[in-house]
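> Structure, please.
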Amino acid sequence: MTALVLRADSRTLPLPDNSVDLIITSPPYFGLRSYTDGGEHYAGQVGAEATPTEFLDSLINCTREWMRVLKPSGSLWVNLGDKYVNGSASGGNKGNIQAAKYDDHKSIPGRVPDGFRVKSLMGLPWRYALRCVDELGLILRAEVIWSKPNGLPESVIDRVRRSHEQWFHFTLQPRYFSAVDEVREPHATPGVGGPRRIEGAAFGSSKTATADGSRHLDGNPLGKLPGSVWTVPTQPLKVPDKLGVDHFAAFPMEWPRRIILGWSPPCGVVLDPFGGTGTTALVASCLGRMGLSVDLSHDYGRLAQWRTSDPGQRAAAMQVEKPAEQIAGQADLFGGAA
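Modelled structure (predicted):
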């Protein structure tokens, strides 16, 4: 399949109703950085709101639009990071966000937002998830913890270091597309001779017995269901200097790979409405889906176009060796010249 990069606002997508099979996205985090076009901050970007409530309002407006384009059988997976309150500076957040080195635990600059105290973790991911359930009527199927074995260090001395983020899996209906067998994991202790179903087990039960007579849950011969904690290292992205674009928050290819295999049909349409570097569209296209990457920034649109078409990036997404670079003037396999 292929990848398509579009410039658009995630709140007004240029897509028909019920046209997308799966949405995977990581919206900008609140008060973290300024995204730019040509090096200049542009208005209207999510994450630059003055208050946490306004930020959540923006995300809910986005999510309402995503529900419009999502098929009834589709799933929505959203990754959000949290923030601590830091009231040491004066003024609000607006105009105070710096395009600094990526730090996913950076405290919010400016005044203390109403309803919060200094040094408090804000709980933004769960505030968003609960509003999706209460206001939009979405079904929250799962919270999956992203455990980061190579997370960034922190200089704090009076609390634990944060080494995780949340992913939320939402659906529109109780019944939806799932191919979870594609992402099953090996059993920790394989049963002797493989599992067999216990006679008389209730409908829908996953209780099984091994050949030696011992019983355990989820003894599917294809492996066990993935748990709710996924250990996935962060994955740095080196962007060619010629593009003139830096991006500090590309999520690892492993995240969309697992989600696409488990919750999108073959040849389906996979959308990231905050496309950024195009990770989701890249992986989707390499897995035989149509990948759509939407972003409001021209800069990141150019970056995503490079990434979804670059042979090295595509090889990494397909987990194969990078093809040898062809030198200018070198004859190709068909007798021509590069």
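> Just list the residues touching the residue nearest to residue 79 when sequence neighbours are not counted, thanks.
In space, and not counting its chain neighbours, residue 79 is closest to residue 26: 4.0 Å by Cβ to Cβ, 6 or more residues apart in numbering. Any C-beta I mention is one placed from the backbone N, CA and C, and that applies to glycine too. Taking Cβ atoms under 8 Å, 6 or more residues apart in numbering, we find residue 26 in contact with 78, 79, 80, 249, 251, 274, 276.
> What is the burial count for the residue lying closest to the third one once chain neighbours are set aside?
The one in question is residue 80. With Cβ to Cβ, 6+ apart as the criterion, residue 80 has its nearest non-adjacent residue at 4.1 Å, and that residue is residue 125. As a burial measure, residue 125 scores 20 neighbours (other Cβ atoms under 10 Å).
> again, but for the one 4 residues further on
Residue 129 sits with 18 neighbouring residues when counted by other Cβ under 10 Å.
> Residue 16 now?
Residue 16 has 9 nearby residues by other Cβ under 10 Å.
> wait, doesn't it sit right on residue 69?
Yes: contact criterion Cβ atoms under 8 Å: residue 16 and residue 69 qualify, at 7.1 Å.
> Quick one: residues contacting the closest residue to residue 37 other than its chain neighbours.
Distance criterion Cβ to Cβ, 6+ apart; nearest residue to residue 37, sequence neighbours excluded, is residue 298 at 4.9 Å. Residues near residue 298 by Cβ under 8 Å, 6+ apart: 7, 37, 38.
> Adding distance to residue 291, secondary structure and neighbour count as columns, could you present those residues in CSV?
Formatted as CSV, the contacts of residue 298 follow (distance: Cβ to Cβ, whole Å; DSSP: H, G, I helix; E, B strand; the rest coil; neighbours: other Cβ atoms under 10 Å):
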residue, distance to residue 291, secondary structure, neighbour count
7, 16, strand, 17
37, 23, strand, 16
38, 26, coil, 10
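> just the contacts of residue 26 now: which is nearest residue 2?
For the contacts of residue 26, the closest approach to residue 2 (Cβ to Cβ) belongs to residue 276, at 18.6 Å.
> how much space is there between that closest one and residue 250?
Remark: distance between residue 276 and residue 250 (Cβ to Cβ, to the nearest Å) = 6 Å.
> okay, the two: which has more neighbours?
residue 276 (27 against 19).
> So that one: helix, strand or coil?
Three-state call for residue 276 (DSSP: H, G, I helix; E, B strand; the rest coil): coil.
> Verify the stated contact: it with residue 300.
Yes: Residue 276 is within contact range of residue 300, at 5.5 Å (criterion: Cβ under 8 Å).
> so the residue nearest to residue 80 sits right up against residue 56, yeah?
No: judged on Cβ under 8 Å, residue 125 makes no contact with residue 56 at a distance of 10.3 Å.
> Excluding chain neighbours, what is closest to residue 304?
residue 278 (3.0 Å).
> likewise residue 57?
Going by Cβ to Cβ, 6+ apart, residue 57 has residue 49 as its nearest residue, at 7.8 Å.
> buried set for the helix ranked longest in the chain?
In the chain, taking DSSP state H as the definition, the longest helix is helix 52-69. Judged by neighbour count (16 or more other Cβ atoms under 10 Å), helix 52-69 contains these buried residues: 52, 54, 55, 56, 58, 59, 62, 63, 65, 66, 67, 69.
> Could you measure from the residue nearest to residue 37 over to residue 142?
Per Cβ to Cβ, residue 298 is found 35 Å from residue 142.
> returning to that earlier point: what are the phi and psi values for the residue nearest to residue 79?
Main-chain torsions, residue 26, degrees, to the nearest 10: phi -130, psi 90.
> do residue 242 as well
phi -60, psi -20.
> now for the host helix or strand of residue 24, which elements pack on it?
Assigned by DSSP states H and E, residue 24 belongs to strand 20-25. Judged by 3 or more Cβ pairs under 8 Å, 6 or more residues apart in numbering; DSSP states H and E, strand 20-25 is in contact with helix 52-69, strand 70-80, helix 254-263, strand 269-272.
> again, only this time at 10 Å
With contacts defined as 3 or more Cβ pairs under 10 Å, 6 or more residues apart in numbering; DSSP states H and E, strand 20-25 has these neighbours: helix 52-69, strand 70-80, helix 254-263, strand 269-272, helix 279-286, strand 290-295.
> so what strands line up beside the fourth one?
Strand 269-272 has the following strand partners under DSSP bridges: strand 20-25 (parallel), strand 290-295 (parallel).
> can you tell which of these is closest to residue 169?
strand 20-25 (10.1 Å).
> Can you point out the buried residues in that closest one?
20, 21, 22, 23, 24, 25.
> quick one on the thing from earlier: now the strands paired with strand 269-272 in a markdown table, with distance to residue 3 and mean pLDDT?
Putting the strands paired with strand 269-272 into a markdown table (distance: least, Cβ to Cβ, whole Å; pLDDT from 0 to 100) gives the following:
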| stretch | distance to residue 3 | mean pLDDT |
| --- | --- | --- |
| strand 20-25 | 13 | 98 |
| strand 290-295 | 4 | 97 |
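> In TSV, list the contacts of residue 298 along with pLDDT and distance to residue 151.
As requested, those are exported to TSV (pLDDT from 0 to 100; distance: Cβ to Cβ, whole Å):
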residue	pLDDT	distance to residue 151
7	95	32
37	76	30
38	75	32
